[in-house]
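Chemist: Quick one, structure for this:
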Amino acid sequence: MASRIPLERIRNIGISAHIDSGKTTLTERILFYTGRIHRIHEVRGKDGVGAKMDSMELEREKGITIQSAATYCVWKGSLEQFPDHNVNIIDTPGHVDFTIEVERALRVLDGAILVLDSGKGVQSQSITVDRQMKRYRVPRIAFVNKMDNPGANYEHVADMLKEKLGHHPVKLQVPMGAEDKFLGVIDAITGRAYFFDGDDGEKIRVEDPPAEYAAKAKEARQEVITQVAEVDDELAEKYLAEEPVSDEELRAAIRRATLALKMTPVMCGSAFRNKGVQLLLDGVIMYLPNPTEVVNEGHDQDKGEEKVVIESDATKPFIGLAFKLQQDKYGQLTYFRVYQGSVTSGDTIYNISNENRKVRVPRMFRMHSDDREEIQTAEAGDIVAFYGVEASSGETFTDGKVNVTLTSMHVPAAVISLAVAPKDRASEANFSKALNRFTKEDPTFRVHQDEESQQTIISGMGELHLDIYMERMRREYSCDVVAGKPQVAYRETISQRAEINYTHKKQTGGSGQYGKIGGYIEPLPPDAVETYEFVDEIVGGVIPKEFIPACDKGFREAVKKGSLIGFPIVGVRAVLNDGAFHAVDSSEQAFRTASLMGFREAYAEAKPTILEPIMKVEVEAPSEFQGSVVGQINQRRGVILETVTGENVTITAEVPLNTMFGYSTDLRSATQGKGNFTMEFAKYSTVPRQEQEEMVKKYREKLAKEAAARK
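Modeler: Sure, this is the predicted structure:
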């Protein structure tokens, strides 16, 4: 490998967006213009090759991205204007079922490109992705793609960034034309017009703007200065003093404001038509951070989890985060972001998140989707893959000189479960191998054994999520799977306060058991972050201090399973304020049992109710089918939040997950195959009274059957 590119010239970026906004097509063009690939392949290409970044056979068949793919390229500017910059890119899925892929990518990246469809603007998944970017404080550039499509409207999309996402968008370009008349873009800072010639838009022609755009280009520059001055003090001073602003000063101000998350630069183009991508790459270099400009925090385990800042410095002790696992024909690949220090093949590193387990780094690679290039050393700021290093997603590794863990990624709760079993006994070993690997790879894919039925239950983010894993078991492990009916992740809660007063007393031959508790349970406020809260209000030692944790344990055990339909109880505060103990007969076990039984008694009095997951559903279909689409949503107990009509109608609604099974088939038949939808978890809401009664009745019948079977 050539001499190492310095840290200031490294960019770690992600490309994220709503499904079908053109993320993978954009990545493909970036790889082409930076010389990483020599031919462009389309996502749903007729050449049968498929996009480079969609390396899984399933991705190529379905035309969607399932796993985030990592690659890197070197960019020296659209017109040879700056030295080589190394750009590490992660192309992430747009489908909400694979949200963990976006979550883990944003956790390790320094900047991002938010791709928006010029005709549709900010869609439901764009909102989710933006929320994830805010969670990890990732500066981003918005790229308005598909400017050649019918209904393209650059200004409208920029306005939506402000209205729907609360950004401070600043348009750095002026599109010349739109839809089939989209010719190229004018840089609002320099006032120059860019045209993209050649078969693949690789020849950039720079001219003065056409006469009809001259006035608009001048206005655009003034508008950029005004808007950036609102969020950057240095530029504001020059602006108020009415001093001239040079292009360099303006770019420096845009960079400062973008890194401070005070503004979002907005650029445009058409990846499919090869227009505007090189200028976007210039924007990445000019306005997105290098690894040293991002504050990364860790927790020092030797100092009681005290927060420490991790510096992107190759001379300090090594700290890295395993953020993604992937199995291939040679073994397990573990993707790492190196945050501090350096690591070399043959080094011994320690898994701080897993009891300081010692592992040796056998081999190390830079990844280019499913191709790899072996390297000997990786330094702070690099994204690399190790072979043969056992880890789980989100674990921290160091060289043993420091005992620091990095904050892990946010893992959303599962909303759907499915009972699965291998079709024949011979596949059982492969079945458990597959489940073991998938749970390590994907923290949102969970597996557990149902204690009563002894079935294997898989849980995930949606139907497609679980379908893909079952299909992967069949392809990668030759294991056909039989699945039961999908099970929605219901919850139980309470709707009023109820008193706890319970005495657990057992006198037998030897020492007895005695524990008395008093207190109450009450609903938590709707905006509470936690689902359970324990409050100790014991005074005067009526319950000795050493038994208080046992009471908490008893309550925690009680909330695992409600009495209505056997689902976990959420949104409850348990308060302990009274009790009594016996000098000989009281024990931890006695107080734990008293709390468990006391909670159950109070629960029955607290007007328990059942909650169901409500999904935010966004449906898009030609306008003539609006009536049928609305009708279907109403039939499914949906509440329509917003309807946007044009050539196509986009309907946003909140619908119970339980009614959404089989919806894709119904929608296709109602819209002649032209409708599509996305859905994501929105909130938990109370199930209608009649349905609750039906569910409780079924659960009681099930319990009675099981009791009879045991006799």
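
Chemist: Distance-wise, check the closest residue to residue 119 other than its chain neighbours relative to residue 642.
Modeler: Spatial nearest neighbour of residue 119, excluding adjacent residues (Cβ to Cβ, 6 or more residues apart in numbering): residue 151 at 3.7 Å. Yep, even glycine has a C-beta here, placed from its N, CA and C like the rest. Look at residue 151 and residue 642: by Cβ to Cβ, to the nearest Å, they are 18 Å apart.

Chemist: now for the lengthiest helix in the chain, which elements pack on it?
Modeler: Across the chain, the longest stretch assigned as helix under DSSP state H is helix 689-710. Here helix 689-710 touches strand 608-622, going by 3 or more Cβ pairs under 8 Å, 6 or more residues apart in numbering; DSSP states H and E.

Chemist: number of nearby residues for residue 324?
Modeler: Residues lying near residue 324 (other Cβ atoms under 10 Å) number 28.

Chemist: same check, this time on residue 623
Modeler: 12.

Chemist: and the gap between the nearest residue to it once chain neighbours are set aside and residue 120?
Modeler: Excluding its sequence neighbours, the residue lying closest to residue 623 (Cβ to Cβ, 6+ apart) is residue 649, at 4.8 Å. Distance of residue 649 to residue 120, computed by Cβ to Cβ: 12 Å.

Chemist: Neighbour count for these two, which is higher?
Modeler: residue 120 (23 against 20).

Chemist: Give me the pLDDT value at that one.
Modeler: pLDDT, residue 120: 86.

Chemist: Let me know whether it touches residue 650 as I believe.
Modeler: Yes - when contacts are counted by Cβ atoms under 8 Å, residue 120 is listed as touching residue 650 (7.1 Å).

Chemist: So for these two, which residues contact both of them?
Modeler: residue 620 (Cβ atoms under 8 Å, 6 or more residues apart in numbering).

Chemist: Does the residue nearest the centre of the chain fall in a helix, a strand, or a coil region?
Modeler: For the chain, the residue nearest the mean C-alpha position is residue 103 (3.1 Å; Cα atoms, centre = their mean). Using DSSP: H, G, I helix; E, B strand; the rest coil, the structure places residue 103 in helix.

Chemist: show me the contacts for the residue lying closest to it once chain neighbours are set aside.
Modeler: Of all residues not flanking residue 103 in the chain, residue 409 sits nearest, at 5.2 Å (Cβ to Cβ, 6+ apart). Under the criterion of Cβ under 8 Å, 6+ apart, the contact list for residue 409 reads 100, 103, 104, 107, 323, 393, 394, 443.

Chemist: at 6 Å what do you get?
Modeler: Contact analysis of residue 409 by Cβ atoms under 6 Å, 6 or more residues apart in numbering lists 103, 104, 107, 394.

Chemist: Pretty sure it sits in a helix.
Modeler: No - using three-state DSSP, the assignment for residue 409 is coil, not a helix.

Chemist: Name the helix or strand for residue 5, please.
Modeler: Taking DSSP states H and E as the definition, residue 5 sits outside all helices and strands.

Chemist: what about it, how many neighbours?
Modeler: The burial count for residue 5: 14, using other Cβ under 10 Å.

Chemist: thought it was touching residue 85?
Modeler: No - using Cβ atoms under 6 Å, residue 5 makes no contact with residue 85, being 7.0 Å away.

Chemist: helix/strand/coil for residue 515?
Modeler: strand.

Chemist: That one contacts residue 589, doesn't it?
Modeler: No - with contact defined as Cβ under 6 Å, residue 515 does not reach residue 589; the gap is 8.4 Å.

Chemist: Compare these two and say which is more crowded by neighbours.
Modeler: Legend: neighbour count by other Cβ under 10 Å for residue 515 and residue 589, higher for residue 515 (31 against 15).

Chemist: List the contacts of that one.
Modeler: Here residue 515 is in contact with 504, 586, 590, 591, 594 (criterion: Cβ under 6 Å, 6+ apart).

Chemist: now with 10 Å?
Modeler: 502-506, 543, 547, 550-551, 554, 579-582, 585-595, 597-598 (Cβ atoms under 10 Å, 6 or more residues apart in numbering).

Chemist: Can you list which of those residues are found in helices?
Modeler: Short answer: those in helices (DSSP H) are 550-551, 554, 588-595, 597-598.

Chemist: Make a ChimeraX selection of the buried ones in these.
Modeler: Typed into ChimeraX, the line below selects the buried ones among the ones in helices among the contacts of residue 515, using 16 or more other Cβ atoms under 10 Å:
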select :550,551,554,590,591,592,593,594,595,597,598
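
Chemist: Which of residue 151 and residue 642 has more residues huddled nearby?
Modeler: residue 151 (16 against 9).

Chemist: Show the pLDDT at the more buried one.
Modeler: pLDDT, residue 151: 87.

Chemist: Quick check: the gap between it and residue 180.
Modeler: Taken as Cβ to Cβ, the span from residue 151 to residue 180 is 12 Å.

Chemist: Equivalent analysis for residue 711, please.
Modeler: Applying Cβ to Cβ, the value for residue 711 to residue 180 is 75 Å.

Chemist: who's more crowded, those two?
Modeler: residue 180 (10 against 4).

Chemist: Give me the nearest residue to that one, chain neighbours excluded.
Modeler: That would be residue 148: by Cβ to Cβ, 6+ apart, it lies 6.6 Å from residue 180.

Chemist: Which pLDDT does the model give the one you found?
Modeler: pLDDT for residue 148: 92.

Chemist: Tell me the secondary structure at it.
Modeler: Classified using three-state DSSP, residue 148 is coil.
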